[in-house]
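A.B. asks: With the sequence up front, the predicted model follows.
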Amino acid sequence: MGDIFPADHHAAQEMECSRAGKEEAEERLRSEEEEEEEEEGWDDWCSDGEDSGSGLLCLFCSSRFDAGNSLFEHCAAEHGFDFHRTVKELGLDFYGCIKLINFVRSKVAEKKCWSCGQAFSSSVRDCSHLHPVENFLIEGKVPWADDAYLKPFMEDDSLLHSLSIDDDIDDDEDGEDHGMSMERGQCSAGNGGLAEPQPQGNMMSIVSEGNSSDISARFEQECTIGSTRDEFRESVAYEMNDSQLKVARDSVNAKAIKTVDDNYFGSYSSFGIHREMLSDKIRTDAYRDALLGNPSLLNGGAVLDVGCGTGILSLFAAKAGASKVVAVDGSAKMASVATQVAKNNGLLYDENVEAEQKRGGQVISIVHTKAEELNQKIQIPKNGFDVLVSEWMGYCLLYESMLSSVLYARDHFLKPGGAILPDTATILGAGFGKGGTSLPFWENVYGFDMSCIGKEVTSTSARFPVVDVMASEDIVTESAVLHSFDLATMKESEMDFTASFELRLRESGTVVPGVTWCYGIVLWFDTGFTDRFCKEKPVVLSTSPFSTPTHWSQTIFTFEEPIALVKGESTLDSSASVGTDDCPATILRSRISIVRASEHRSIDISIETTAISSDGRKRWWPVQIFNL
């Protein structure tokens, strides 16, 4: 962890004084412990190049540990210092924890009690008497509040390196790590890995009204070149307080979001992707049938088309008899293209033409903007639309996070009881077999065995979600519903969800008697134009592997290792692991979480898998985390 300097020159002077005191205290301790061989000395734990030990060094003695939780359990049991309890009761944030650790180390070096300051004449072990947390508050403040304690007391302190902003240090009083081990992956078609969570807590809680534009620019520069959080803080600590850091961080986040949005809308400026979508008959026919097949819904109504692209949905709406269509797109090029398309088809609204001179159907207005900024572009009455239509779905349904824009438009522009098309969306999943991987291809390449390549490719697939068409014959389990969305009523926060479900081998199909190997889980979605709004002609748009393929394909998540499944009871080897050939499972229990990622428009997916045998034994696999 890089040095973090105090926020002003006065604190720096105090640090110099404390450094001199620290060196004097260390020298006294070394001299005394050279005379008393049974005592552990400070020089035994200094990371100054003379230490041959490894691991995390205890705050009070020379014991070392492989994990922070083990170290803190030792401190609580042997030295009366309960780190997790102290953090929890005082509500310390990440930097408060850094200060606390450095404070304790400094007091131990001075042979003083970290809690009350009482001095001792011999071993630091004598400092292990505990005081209630509130006893060491001085005028309502902790004694390590000074920013001087942000600077590591011990050089290259590995304990500080082991802390991270997303450590769950204040959730469990026992300090145990209740999480599971994780494997992380990122979609090969995605645009970034899992971003580090932003700091939470007191340090980031206040927004300053001061001018921080210069520091914001430096913050952005540091983020751009990949500097660490500590290096940045060191470089600007003398120039800004925590409130200004919050402003700088928000400024950079806003710029990062704008960059992602610009790239996102820019990617839709290519005609190739629009040809692909328009050529997707399942997709385009579903919207055409919903818009043209329900005259009572569209005739005479005002329609808002969010993310119009070429304007095809607006054209359908105008043809269906809508009295007004406002089409919105964030891509300047596509907004221009949609305008020209509507004009070429005699459907573009022209405000310069008198109403009595307009030909029928000239009702489409194109606006280049995001849905969230529509009011800044044109004047429209609140809840002024009867119908909201959008083709917002991405891979695994939620990739691109366009749904949030649709929900914003629904809440701000759709009249109460107005129709949203589609109005339902459901994510489903199933287990797939060997045929869903690349293994069969590599096992016989023009008669040659290249399975070694196939194994490596499959191993790599376990770290990256794959968007591809899954053949229905490669599905080996029954399907399960993960989550359903009611787009007419859902909140934006409901885009993040966790679903638990169980999978069993299919009753029929290509599954043969005996053991069947499941290599992973495949997800897809269905969207519904239900009879709630489409009373004449309800429509379902399905991206299922059992339906005609669409441009969305399916999203494939490969296990780290395949799991053996069997239908019904079978002879089991009690000594074998569940999910193997000798002890196949009858149930595959999974828990999947899908949440919006730190990187704008991306999503994170975690998969927890448990195999259950017919005699009730269970086996858990490490959590796999993917980014899309």
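C.D. replies: Here it is on my side, so go on.
A.B. asks: which regions of the chain sit below the pLDDT cut-off?
C.D. replies: 1-54, 114-118, 120-140, 164-271, 352-360, 508-513, 600-601 (pLDDT under 70).
A.B. asks: show me where the stretch 451-600 of the chain has strands.
C.D. replies: All strands of the stretch 451-600 of the chain, identified by DSSP state E, counting those that start in this stretch, fall at 466-468, 480-486, 497-503, 516-529, 539-542, 554-565, 587-596.
A.B. asks: The first one: partners in the sheet, and parallel or antiparallel?
C.D. replies: Partners of strand 466-468 in the sheet, by DSSP bridges, are strand 554-565 (antiparallel).
A.B. asks: Report the inter-axis angle for the partner strand versus strand 497-503.
C.D. replies: Here strand 554-565 runs at an angle of 40 degrees relative to strand 497-503 (axes from the mean of the first three to the mean of the last three Cα atoms, to 10 degrees).
A.B. asks: Let me know the angle separating strand 554-565 from strand 587-596.
C.D. replies: Using the same axes, to 10 degrees: strand 554-565 against strand 587-596 is 150 degrees.
A.B. asks: how is this protein carved up into domains?
C.D. replies: Listed by automatic domain parsing, the domain ranges of the chain are 9-162, 182-263, 271-421, 424-627.
A.B. asks: I98 is nearest to which of the strands of the stretch 451-600 of the chain?
C.D. replies: I98 lies closest to strand 587-596 among the strands of the stretch 451-600 of the chain, at 27.8 Å (Cβ to Cβ). For every residue, glycine as well, the C-beta is placed using N, CA and C.
A.B. asks: tell me what the closest one is packed against?
C.D. replies: If you count contacts as 3 or more Cβ pairs under 8 Å, 6 or more residues apart in numbering; DSSP states H and E, strand 587-596 packs onto strand 424-432, strand 497-503, strand 516-529, strand 603-612.
A.B. asks: Now do E372: how many residues are near it, please.
C.D. replies: 14 (other Cβ atoms under 10 Å).
A.B. asks: excluding its backbone neighbours, what's nearest it?
C.D. replies: Y408 (5.3 Å; Cβ to Cβ, 6 or more residues apart in numbering).
A.B. asks: So which bits of the helix or strand harbouring that neighbour are buried?
C.D. replies: Per DSSP states H and E, Y408 falls inside helix 403-413. Within helix 403-413, the residues scored as buried using 16 or more other Cβ atoms under 10 Å are 403-410, 412-413.
A.B. asks: Distance to W621 added to those, as a markdown table?
C.D. replies: A markdown table is the format used below for these (distance: Cβ to Cβ, whole Å):
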| residue | distance to W621 |
| --- | --- |
| L403 | 30 |
| S404 | 32 |
| S405 | 36 |
| V406 | 36 |
| L407 | 35 |
| Y408 | 39 |
| A409 | 41 |
| R410 | 39 |
| H412 | 44 |
| F413 | 46 |
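A.B. asks: List just the nearest of these to I587.
C.D. replies: The closest of the buried residues of helix 403-413 to I587 turns out to be L403 (Cβ to Cβ; 32.1 Å).
A.B. asks: doesn't W392 make contact with that closest one?
C.D. replies: Yes. Using Cβ atoms under 8 Å, L403 makes contact with W392 at a distance of 5.4 Å.
A.B. asks: about what we covered before: any idea which of the buried residues of helix 403-413 is the one closest to G96?
C.D. replies: S404 (33.2 Å).
A.B. asks: and the closest one, how far is that from L57?
C.D. replies: 46 Å (Cβ to Cβ, to the nearest Å).
A.B. asks: ok so, going back, need the helices and strands packed on strand 587-596 in TSV with distance to V481, can you?
C.D. replies: TSV is the format used below for the helices and strands packed on strand 587-596 (distance: least, Cβ to Cβ, whole Å):
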stretch	distance to V481
strand 424-432	6
strand 497-503	7
strand 516-529	9
strand 603-612	16
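A.B. asks: mind putting these in JSON lines, mean neighbour count and distance to A342 included?
C.D. replies: Shown next, in JSON lines, are these (neighbours: other Cβ atoms under 10 Å; distance: least, Cβ to Cβ, whole Å):
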{"stretch": "strand 424-432", "mean neighbour count": "23", "distance to A342": "28"}
{"stretch": "strand 497-503", "mean neighbour count": "16", "distance to A342": "38"}
{"stretch": "strand 516-529", "mean neighbour count": "24", "distance to A342": "23"}
{"stretch": "strand 603-612", "mean neighbour count": "21", "distance to A342": "33"}
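A.B. asks: quick one: which of those strands is nearest I625?
C.D. replies: I625 lies closest, by Cβ to Cβ, to one member of the helices and strands packed on strand 587-596: strand 603-612, at 4.8 Å.
A.B. asks: on contacts alone, who are the packing partners of the next helix-or-strand element following the closest one?
C.D. replies: Later in the chain than strand 603-612, the nearest helix or strand by DSSP H and E is strand 618-620. When contacts are defined as 3+ Cβ pairs under 8 Å, 6+ apart, strand 618-620 packs onto strand 603-612.
A.B. asks: how about 10 Å then?
C.D. replies: strand 587-596, strand 603-612 (3 or more Cβ pairs under 10 Å, 6 or more residues apart in numbering; DSSP states H and E).
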